[in-house]
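> what shape does this take:
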Amino acid sequence: MASWVLSECGLKPLPQFWPRPRTGIINPSKPRFLYTNRTLTDLKRLPFDKFSRGCFRERNWGLKVSAPYRVASLDGEEDNKVIGFNGVGEDEETEFDPGSPPPFKLSDIRTAIPKHCWVKDPWKSMSYVVRDVAVVFGLAAAAAYFNNWVVWPLYWAAQGTMFWALFVLGHDCGHGSFSNNNKLNSVVGHILHSSILVPYHGWRISHRTHHQNHGHVENDESWHPLPEKIYKSLDGITKMLRFTVPFPMLAYPIYLWSRSPGKSGSHFDPNSDLFVPSERKDVITSTLCWTAMAALLVGFSFVMGPVQLLKLYGVPYVGFVMWLDLVTYLHHHGHEDKLPWYRGKEWSYLRGGLTTIDRDYGWINNIHHDIGTHVIHHLFPQIPHYHLIEATEAARPVFGKYYREPKKSGPLPFHLIGILIRSMRKDHYVSDTGDVVYYQTDPQHGGSSSE
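Numbers count the residues shown, from 1 in each chain. Below is the predicted model of the structure:
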């Protein structure tokens, strides 16, 4: 397995070079270099040979997974130009503009990540599946055995979290980061996602669209901002359901059936705008698996009774939905500084990915497979979840201020509730015009326009 190193774009890393900054005064007696505070003498001691061998050999891996076919068109990396430092290798006092093009390229981040972080170990991935499935059945057996109202609330919280953990593993199958075996990814993904009423291929394809268009106002698929015209066309009830907690945290099943406001289609319909004709068989397969799981639940309701089924499965399912909506929303919203959304020529895969946010979930980090390390995941979804933390640490010197340190969580991430509520009160819509836009606030829904 050590030789299965993913190189999704099929590109060798660009040669190392140290561009001359466009602004500022350079001391010729002590030159400095981009991304570092090192001098020429320091740089001579760096092991540059490590960047030119290993995981970037000339090999044709062939893309057969659902990760983006082109992880950022290299043409979209600002024509490979270094625009300026803007928060990378500068003093803390320098004003940082998160909407400006970064002074690094996607290939610079890729090069900084250790080569073993790209290796997928199917046995290790399966061990997480076995662990999580065992916990799910163990929790259900314990709750059914004790069957009292002291145990049930604890069970619902724990089992809802475990349903969410199962989703994350199926999510890895959808990206192809679970293994290099497409059949294994598909089988495991269908079992895990169907068990929690998610149409695997339907979701996988729309989620691929989300990653390929992250940070784009119109083309993003998940929790994208509403343009002002669409926002103002919504009736009062729809606005309340969209921006008043806890209603948005129950949106996922509705999204699967009808997508977001301003978009049409269904994850269950093979003829939906979400899919191309070649994907229709996959969508039908997943819809049939979803239907089989729904029929199985109906059968269980006759065997154990609808109330017992509700306690064992229904309430944890609602908990899973709330986890999913909370995590996916806060990875793209709620930062204390306003972050940009893009259109037109201002958008690129790299700039869109840099608007994502890492979050700390305390004890839950390990349970839901470090999905909080979201920036690296969004830029390189083919990296297995068990390498995301190391990959993030390796890439942080390249990111500079484009990486936003997550607020440290206690054992349980209760601090995220306040962040969610504040964001819902002020992040309502973006302008209908402009290629770099920021959220604006409707004063009639929880805030002032000056926020």
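> name the nearest residue to Val188, ignoring sequence neighbours.
Cys173 (5.2 Å; C-beta to C-beta, 6 or more residues apart in numbering). Using the backbone N, CA and C atoms, a C-beta is placed for each residue, glycine as well.
> enumerate the positions of whichever strand or helix holds that neighbour that are buried.
Counting by DSSP states H and E, the element that carries Cys173 is helix 151-175. Buried residues in helix 151-175, counting neighbours by 16 or more other C-beta atoms under 10 Å, are found at 155-156, 158-175.
> same check, this time on stretch 229-241
Applying a neighbour-count criterion of 16+ other C-beta under 10 Å, one finds Tyr231, Leu234, Lys239 buried in stretch 229-241.
> stretch 114-132 now?
Buried residues in stretch 114-132 (16+ other C-beta under 10 Å): Lys115, Cys117, Trp118, Val119, Lys120, Asp121, Pro122, Ser125, Tyr128, Val129, Asp132.
> dump the C-alpha coordinates for that stretch into PDB.
Only the C-alpha atoms of stretch 114-132 are listed here, as PDB (Å, rounded to 0.1, in the frame of the first residue of the first chain):
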ATOM      1  CA  PRO A 114       4.500  15.000   3.300                       C
ATOM      2  CA  LYS A 115       4.200  12.300   0.700                       C
ATOM      3  CA  HIS A 116       2.900   9.700   3.100                       C
ATOM      4  CA  CYS A 117      -0.200  11.900   3.800                       C
ATOM      5  CA  TRP A 118      -1.400  11.000   0.300                       C
ATOM      6  CA  VAL A 119      -1.300   7.200   1.000                       C
ATOM      7  CA  LYS A 120      -4.700   5.500   1.500                       C
ATOM      8  CA  ASP A 121      -4.700   2.400   3.700                       C
ATOM      9  CA  PRO A 122      -8.000   0.400   3.100                       C
ATOM     10  CA  TRP A 123      -7.400  -1.800   6.100                       C
ATOM     11  CA  LYS A 124      -7.000   1.200   8.300                       C
ATOM     12  CA  SER A 125     -10.100   2.800   6.800                       C
ATOM     13  CA  MET A 126     -12.100  -0.400   7.300                       C
ATOM     14  CA  SER A 127     -10.900  -0.500  11.000                       C
ATOM     15  CA  TYR A 128     -12.700   2.700  11.500                       C
ATOM     16  CA  VAL A 129     -15.900   1.300   9.900                       C
ATOM     17  CA  VAL A 130     -15.700  -1.800  12.200                       C
ATOM     18  CA  ARG A 131     -15.200   0.400  15.200                       C
ATOM     19  CA  ASP A 132     -18.100   2.800  14.500                       C
END
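> so where is this structure shaky, pLDDT-wise?
Within the chain, the stretches with pLDDT under 70 are 1-94, 446-451.
> just the strands in it please.
Counting by DSSP state E, one finds strands in the chain at the ranges 341-342, 436-437.
> mind checking how far the last one is from the chain centre?
The offset between the C-alpha centroid of strand 436-437 and the centroid of the whole chain comes to 21 Å, using C-alpha atoms, centre = their mean, to the nearest Å.
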